[in-house]
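Quick one, what's the 3D model for this:
(chains A and B)
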Number of protein chains: 2
Amino acid sequence: MSRAQRSPAELFTAAEGGDRAALARLLSLVERGGDGARAVARLAAPRAGEAYTIGLTGAPGSGKSTLTSAIIKHVRAQGDEMAVLAVDPSSPFTGGAILGDRVRMQDHATDPGVFIRSMATRGHLGGLSLATPEAIRLLDAVGQRWILVETVGVGQVEVEVAGKADTTVVVVTPGWGDSVQANKAGLMEVADVFVINKADRSGVEQTRRDLMQMLELSAETAVPGEGGGWPVPIVATVGSTGEGVVELWEAILAHRQHATAGGLLERRRRFRLGEELREIVARRLEQRARDVCTGERWDALTDDVLAGDVDPWTAADQMLGSSFCMEQPAESGRL
Amino acid sequence: MSRAQRSPAELFTAAEGGDRAALARLLSLVERGGDGARAVARLAAPRAGEAYTIGLTGAPGSGKSTLTSAIIKHVRAQGDEMAVLAVDPSSPFTGGAILGDRVRMQDHATDPGVFIRSMATRGHLGGLSLATPEAIRLLDAVGQRWILVETVGVGQVEVEVAGKADTTVVVVTPGWGDSVQANKAGLMEVADVFVINKADRSGVEQTRRDLMQMLELSAETAVPGEGGGWPVPIVATVGSTGEGVVELWEAILAHRQHATAGGLLERRRRFRLGEELREIVARRLEQRARDVCTGERWDALTDDVLAGDVDPWTAADQMLGSSFCMEQPAESGRL
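You can find the predicted model right below:
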């Protein structure tokens, strides 16, 4: 059977056996959304739950790709495998791919223990906020144990995506700013570990003081118990030489230990899943709204409102009442 | 019976008879949303359809309030009445009120032929994009024939609100910019009439040339038939002295004539109503999504997904399938 004809189930079995091309094709199905993505979700769900995810985010130019490469090197030296998802919401079709390619080319192109993939949305109506957890679940299900999700930029979507990891690492650079920027972007709230990368430049200590001050401030205003009493470490690294990467990985492991022991990890994962489910429900309803707001019945009701026979609210309810049962959930997978 | 106890129907009858306090109370019901707003909508819908609405928008400082006051003066001099809705989305609780008060204080406070009201949202979940057309429908239903909707600012919401009028007037000032700003803000697309207000300042001709150039450009890229072949006039005014206001009003009347004769008015109103209905449907569904995504069943399904027993998509569909019939439209009016 040619590879082009393999079903999602066949691809999944192959991916479980280490077939990277099959895994790449499954990820493409996830990106595209629709029936294919749903089929992958059904295959992945029962087999996921063992992987640990690390989110890595920071402003463009903070050296995230180089740092990611150094992390991979360290993890591989320990004998572990790693998967990397490079997510670039601002440039769904090319930016992420270029980034992923760049990392892949550098040091790990021929290493079978490293799987690097850029994520784009490609028609997935739920966007990256839905495609990313699906992709993570797939990587988890085929046996990946460390999944690093790298996001480019510090916009709301990027922070959201990175903040949905088990441990979130925020990368800044010396002189990167007076921490106000980090605070503004919502990074203070999601950071479990701060990295001052490019620490061979001047200004490391000033940046460290700025971050510590902001962390103290945000600790004062934090909801008690939310952070779980974790003192956010600040690690200085030089991604290009690997300096500090051992300390960074230890900080990640320490946070993992802390989160696992205190029940924080379980609460986070549950919260995250709740958000994902709500997002799916919302997207489903949007689709239904589009379906409802069209057709002969809709036109007739619009006429009625224009003629003053009915008010808009009653018209909307009539439309919803008559055609909004979802007793037979469509498998068309419009999402 | 004390005024505080009057029902919406009683208030409506009183407002039809010219009771301004009753009309003000009905508008407060519209602003607050919920059951009261829906009751008003049911009363207003059968009686609306006769008023003509004028949208007036422009950057802060362009003198819209003063210009509005001058327009009112002119309309009153012709023996017509006028209602003004002052909408300020950026400052829902105070800004609009201040603006409305300012205009009301100035020249028309004691004139029974002028009704001025600021619009805030006050809990109406649909926001100004739903409250404004409802308020217009109410004013229309109680007998107002000219309704001017003034929006503060040039953000997306402001342009949207103003652009939903029968005739939309965009106010700029000399030296206000190179028209690129107007284009950026989407004002070129909604303008039926341009006003260069504060035309006693220098730079009027340059601004006129800029606007004409932009209008030519946007005419080239316009969808054929959309504008209905209307050459957007540019009128220079001095709101504080009333200079040019006669010409402005004539331009508005000319556009009204053009829109009415060519069927454009009907098409616009139908399109506008369609947008309003879609908005109501979307808000209803949002509410339903919030209702669905909670409770014991929701928690149990979340557990199932966490355990890998079901994938998120299937879980969402199960939730929607079992609880998403709206056969009995709720009258709770949560919107």
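
near chain B, which residues of the stretch 151-300 of chain A show up?
Residues of the stretch 151-300 of chain A lying close to chain B (C-beta under 8 Å from any C-beta of the partner chain) are A:269-270, A:273-274, A:276-278, A:280-282, A:284-286, A:288-289, A:292-293, A:298. All C-beta atoms are positioned from the backbone trio N, CA, C, and that covers glycine.

redo that, cut-off 6 Å
Residues of the stretch 151-300 of chain A lying near chain B by C-beta under 6 Å from any C-beta of the partner chain: A:273-274, A:276-278, A:280-282, A:284-285, A:289, A:293.

wait, residue A:141 sits on residue A:49?
No. With contact defined as C-beta atoms under 6 Å, residue A:141 does not reach residue A:49; the gap is 8.6 Å.

what's the lowest-pLDDT member of the residues of the stretch 151-300 of chain A next to chain B?
Checked by pLDDT, those have residue A:289 as the lowest-scoring entry (77).

helix, strand or coil for it?
Under DSSP: H, G, I helix; E, B strand; the rest coil, the three-state class of residue A:289 is helix.

ok, now which ones touch it?
B:281-282, B:285 (C-beta atoms under 6 Å, 6 or more residues apart in numbering or on different chains).

Any idea how many residues pack against the residue lying closest to residue A:319 once chain neighbours are set aside?
Nearest non-adjacent residue to residue A:319, counting by C-beta to C-beta, 6 or more residues apart in numbering or on different chains: residue A:292, 5.4 Å away. Using other C-beta atoms under 10 Å in any protein chain shown, residue A:292 has 23 neighbouring residues.

Residue A:292 reaches residue A:318, doesn't it?
No. Residue A:292 lies out of contact with residue A:318 (C-beta under 6 Å); the separation is 10.6 Å.

For stretch A:134-154, which outside residues touch it?
A:15-16, A:26-27, A:30, A:40-41, A:44, A:47-48, A:51, A:53-57, A:59-60, A:64, A:68, A:82-88, A:90, A:158, A:161-162, A:165, A:185.

in it, what's buried?
By 16 or more other C-beta atoms under 10 Å in any protein chain shown, the buried positions in stretch A:134-154 come out as A:134-144, A:146-154.

What distance separates the opening and closing residues of stretch A:132-149?
One end of stretch A:132-149 to the other measures 9 Å (C-alpha to C-alpha, to the nearest Å).

before we move on, back to that, nearest to residue A:217 among the residues of the stretch 151-300 of chain A next to chain B?
Nearest to residue A:217 out of these is residue A:274 (C-beta to C-beta; 28.6 Å).

Look up phi and psi at that closest one.
phi -60, psi -40 (degrees, to the nearest 10).

Find the nearest non-adjacent residue to it, please.
Nearest to residue A:274 is residue B:302, by C-beta to C-beta, 6+ apart, at 5.9 Å.

check which helix or strand covers that neighbour.
helix B:295-306 (DSSP states H and E).

Can you mark which positions in whatever helix or strand comes next after that helix are buried?
Following helix B:295-306 in sequence order, the next helix or strand is helix B:312-323 (DSSP H and E). Buried residues in helix B:312-323, counted by 16+ other C-beta under 10 Å: B:312-320.

Residue A:262 and residue A:230, how far apart?
With distances taken as C-beta to C-beta, to the nearest Å, residue A:262 is found 9 Å from residue A:230.

can you check residue A:313 too?
For residue A:313, the distance to residue A:230 - C-beta to C-beta - is 48 Å.

So what's the model's average confidence on stretch A:207-217?
pLDDT averaged over stretch A:207-217 gives 87.

where does the stretch 201-335 of chain A have low pLDDT?
The stretch 201-335 of chain A contains residues with pLDDT under 70 at A:220-228, A:322-335.

Show me the helices in it, by range?
For the stretch 201-335 of chain A, applying DSSP state H, counting those that start in this stretch gives helices covering A:204-221, A:245-262, A:264-292, A:295-306, A:312-323.

show me the contacts for the closest residue in space to residue A:236 that isn't next to it in sequence.
Sequence neighbours aside, residue A:199 is the residue nearest to residue A:236 in space, at 3.8 Å (criterion: C-beta to C-beta, 6+ apart). Neighbouring residues of residue A:199 by C-beta under 6 Å, 6+ apart: A:236-238.

rerun at 8 Å
Contact analysis of residue A:199 by C-beta atoms under 8 Å, 6 or more residues apart in numbering or on different chains lists A:174, A:236-238, A:243-244.

Next: residue A:24.
residue A:117.

burial of the residue nearest to residue A:274, as a residue count?
What residue B:302 shows, counting by other C-beta under 10 Å, is a neighbour count of 20.

how much space between it and residue A:44?
From residue B:302 to residue A:44 the distance is 17 Å (C-beta to C-beta).

now do residue A:37
Counting by C-beta to C-beta, the gap from residue A:37 to residue A:44 is 10 Å.

can you check residue A:132 too?
Residue A:132 is 13 Å from residue A:44, by C-beta to C-beta.

who has more neighbours, the two?
Taking neighbours as other C-beta under 10 Å, residue A:132 and residue A:44 compare with residue A:132 leading, 29 against 25.

one step back: so the residue nearest to residue A:274 sits against residue A:270, correct?
Yes. Taking contacts as C-beta atoms under 8 Å, residue B:302 lies within contact range of residue A:270: 6.6 Å.

Mutual contacts of the two, please.
Joint contacts of residue B:302 and residue A:270 (C-beta under 8 Å, 6+ apart) do not exist.
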